[in-house]
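In: Sequence plus predicted model, see below.
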Amino acid sequence: MEAEYLDGLNPEQRIAVEHFEGPILTLAGAGSGKTRVLTTRITHLIHEHGVDPSSILSVTFTNKAAAEMRTRIRRLLGREPAGMWIGTFHSIGARLLRRHAARLGWTPNFTIYDADEALRETKRTLERLRHSPKRWNPKAVHSAISSAKNQLVAPSQYEKMAADPFSRIVAEVYPAYDAALREQNAFDFDDLLVKPVELLRDHEEIRLAYRSRFTFVLVDEYQDTNHAQYVFLQLLTAGDDAGNIMVVGDDDQSIYGWRGADIRNILDFEKDFPAARIIRLEQNYRSTGRILDAANAVISRNTKRKGKTLRTEAGPGDLLTIVSTLDERDEGDWIGSEIEARMRRHPDVPLRGYVVLYRTNSQSRAMEEAFRRRDLPYQIVGGTRFYERREIMDALAYLRLISNPRDAGAFDRIINYPRRGLGDTSRAKLLEWAAQQAMTPLEAALRADEHPDLRGGAAQSFVTFAGMIQRYTALAAHIGVGELIEKLIAEIGMVDALRDEGPEGADRIENVNELIAGAADFDARADIDEEDRVEDATALDMFLQKVTLLTDVDRHDPDAQAVTLMTVHNAKGLEFPVVFIAGMEDGLFPLARAFDEPDTLEEERRLFYVAITRAERKVFISHARTRRRAGEVMPGRPSSFLDPLPKHLTDELTTPGLERARHAGETRWSRRDPVTGAGSLGYRDRPRTSGRSPRFEGSDDGVYIDYSDAQDAPRFVKGERVRHPQFGRGVIRDLSGLGQELKATIDFDTIGRKKVVLRYANLQKEL
DNA sequence: CCGTCAACAGTTTTT
DNA sequence: CTGTTGACGG
């Protein structure tokens, strides 16, 4: 007798679902039902093969995906898959660390430092080592440390490879930064991957225990795994053909190379597991025909891919509409008006069926303003995330210090917030004393009255503060997190402090209230996985660790009656009936810097492919004639990514705003240049650029940027050594800007980091 | 110690 | 254009 859950699977899906033992790679195109394959296979393993759920480890890309999969499995199975581990690499890493914290020298109530706190710690470390954070950009230093960690390069190894001055600074900061984290009983995001690898690598009995427990490992979005994650999986699965590992992914949707994701992981899976079975899911259940044809046309330009063509049984559907707009404001207005118009014509598509996708978060601003003007409900995913808002981080810093008294970052953040008369001077005195006496900042504060020279008022303030934190630490063992935050916020007078800040303080108060509500909800639902329970960890510890790992997508409410605004990155895995892709201009999508590196350009193209394939029924692609970027008005031309779109799949239109501007412009232009000016402003009549190469064509009407100059100038690449007439020798760290404005960020051997405009700099390649 | 103002740097994507 | 940092005076 066959289980019902197998009904309706296509032959390929069915093979993947029924696969029992041994490695298997499932290349799942966009919309090919991979989540269904994963959940059904897990169900099948448990139901049909009698696999104990606690033998299953399933890795997802977001917490939300994990929660959804668990729910679906519960439904298919008719019971809770108790003991199954499902979560992101980071949350699974955190769980392992919590269970074995002592092995590594941490305690289970460790703090997870988010990006912001990690950056602050980097800066503090630089200062401690007497390096100026002005000369050596803390962000760059931290990002170098982060990449090193993701490549599993330990401080000692890094030290050996550090040749240039910048790397030598990093080599110095890296171990000191790690030591500071250890002292504070903290991990950063990257540690959540790196430390579990160390744990499994260096402790055989732990490695063997987990290997024998997790006999079935499933990994979603495998194309976006980095080296540390790869090694983590190898350690867990023994890394040979005996392992029952299923990876699901799509090389065409690999969009996290900048974060260290290594597309070779998926491309080389067959080399790693020679016996691997390979299944291709090319049947798409999401989009109509023309959308898929367009997506296929775009992605076929990439060279580094396994090759895969999506097909659908749905009809051809609508054309993709390419919209020319005047500027970003006009673009937002047009999108808003089109949504309103479609709402009237297609009442079956609710507001939540619309999404606006863009390349960079800064584009959300114009959209937001346009939607506000029209009173169109929207929800923004990403950008300044909830848990990254200042007031939320302040409140959380209190909780962190209460949960983990060694957290110096938290101490630093809140010691004078709200104001308690403890400025830089008193703080510096206390911290110096603390370091001398080998005390944590909080311990020092508690004994501040013993400090040799601290103003009496300040000393008293420190003692009161530390006493309060201690009281809450004791309290945290007995009351719920919601109640704890509520009491705390009241005691420190945070609401009053925010109210004094003026109008935007009201929003912040709202956010704080939302945090309290969230915590109360956490208490009410007893939102702790049994597998996460460890001795000596309080509900507060669990709450904090969970909250830091939440992403914005996790907070996205798919049922809200609102248009969704988000970056293409955030849209991965989601689908919408109607998709707007905004800002489709060269230099923005793809970003300018991508033109220097073929691999990056391919990644941008995959990103565009991801954007198109989010759509079920309709795609709009808009670009603006001019766009304000960092206060400057920049001219733009339609993205060269549009070039491969066959004419028969698209139609083009111009917004009324651009139409008006064009008429006004023609009169002006024709006076100046009656021959070439008239009618040439609109590229609608202009032949499509060939798009055979990423090389730009020259401007044809004076409005688009002339890129041809950039081709003649010497071309520089990142990492290249150069010589500057004034600043001497250095290494190019970064390139930005376009054409005439091309700028290079250079780490000079003698004077550190500087940004120069290539046009003026007269840079030479160093021989 | 704290508020104000000018100067300045920074804009890619995120766990 | 915006958020952050530094200098200065109360």
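Out: All right, it came through fine. Numbering: from 1, shown residues only, chains lettered A, B, ... in the order given.
In: contacts and neighbour counts: CA atoms only from here.
Out: Will do.
In: Return the set of buried residues in the helix or strand hosting A:L76.
Out: In this assignment (DSSP states H and E), A:L76 forms part of helix A:63-77. Within helix A:63-77, the residues that count as buried by 16 or more other C-alpha atoms under 10 Å are A:N63, A:K64, A:A65, A:A66, A:M69, A:R70, A:T71, A:R72, A:I73, A:R74, A:L76, A:L77.
In: same question, stretch A:535-549
Out: A:A537, A:T538, A:A539, A:L540, A:D541, A:M542, A:F543, A:L544, A:Q545, A:K546, A:T548, A:L549.
In: Those also near DNA strand B: which ones?
Out: Of the residues in these, proximity to DNA strand B by C-alpha under 7 Å from any atom of the strand holds for A:L549.
In: quick one, phi psi at the residue in the stretch 201-350 of chain A that DNA strand B sits nearest to?
Out: The stretch 201-350 of chain A approaches DNA strand B most closely through A:W258 (4.9 Å), counting by C-alpha to the nearest atom of the strand. Dihedral angles of A:W258 (phi, psi; degrees, to the nearest 10) stand at phi -60, psi -20.
In: pLDDT wise, what is it at?
Out: Listed pLDDT for A:W258 reads 86.
In: count of neighbours near it?
Out: 10 (other C-alpha atoms under 10 Å).
In: what do you get for A:E510?
Out: Number of residues near A:E510 (other C-alpha under 10 Å) recorded here: 12.
In: mind checking how far it is from DNA strand B?
Out: Going from A:E510 to DNA strand B by C-alpha to the nearest atom of the strand, to the nearest Å gives 22 Å.
In: and whichever strand or helix holds that residue, how far out from the chain's middle?
Out: A:E510 is part of helix A:503-524, with elements assigned from DSSP H and E. Relative to its parent chain, helix A:503-524 has a centroid offset of 24 Å by C-alpha atoms, centre = their mean, to the nearest Å.
In: hang on, the earlier thing: same for DNA strand B: which of the buried residues of helix A:63-77 are within range?
Out: Within the buried residues of helix A:63-77, nothing lies near DNA strand B by C-alpha under 7 Å from any atom of the strand.
In: Out of these, which two sit at the greatest distance?
Out: The distance between the two most remote of the buried residues of helix A:63-77 (C-alpha to C-alpha) is 20.9 Å, for A:N63 and A:L77.
In: residues of stretch A:112-132 that come out buried?
Out: Judged by neighbour count using 16+ other C-alpha under 10 Å, the buried positions of stretch A:112-132 are A:112-115, A:117-126.
In: and if you look at stretch A:147-160?
Out: Those would be A:A148, A:K149, A:N150, A:Q151, A:L152, A:V153, A:A154, A:P155, A:Y158, A:E159, for stretch A:147-160 by 16+ other C-alpha under 10 Å.
In: shaky segments in the stretch 501-650 of chain A?
Out: By pLDDT under 70, the weakly predicted segments of the stretch 501-650 of chain A are A:503.
In: any idea how far whatever residue of it ends up closest to DNA strand B is from A:E328?
Out: Nearest residue of the stretch 501-650 of chain A to DNA strand B: A:A630, at 2.9 Å (C-alpha to the nearest atom of the strand). Distance of A:A630 to A:E328, computed by C-alpha to C-alpha, to the nearest Å: 13 Å.
In: again with A:L76
Out: Applying C-alpha to C-alpha, the value for A:L76 to A:E328 is 46 Å.
In: ditto for A:H47
Out: For A:H47, the distance to A:E328 (C-alpha to C-alpha) stands at 53 Å.
In: Who has more neighbours out of the two?
Out: Counting neighbours by other C-alpha under 10 Å for A:H47 and for A:E328 shows that A:E328 has the greater number, 24 against 16.
In: per-residue confidence at that one?
Out: A:E328 carries a pLDDT value of 90.
In: Apart from its neighbours in sequence, what residue is nearest it?
Out: Closest residue in space to A:E328, ignoring its immediate chain neighbours: A:R627 at 5.6 Å, by C-alpha to C-alpha, 6 or more residues apart in numbering.
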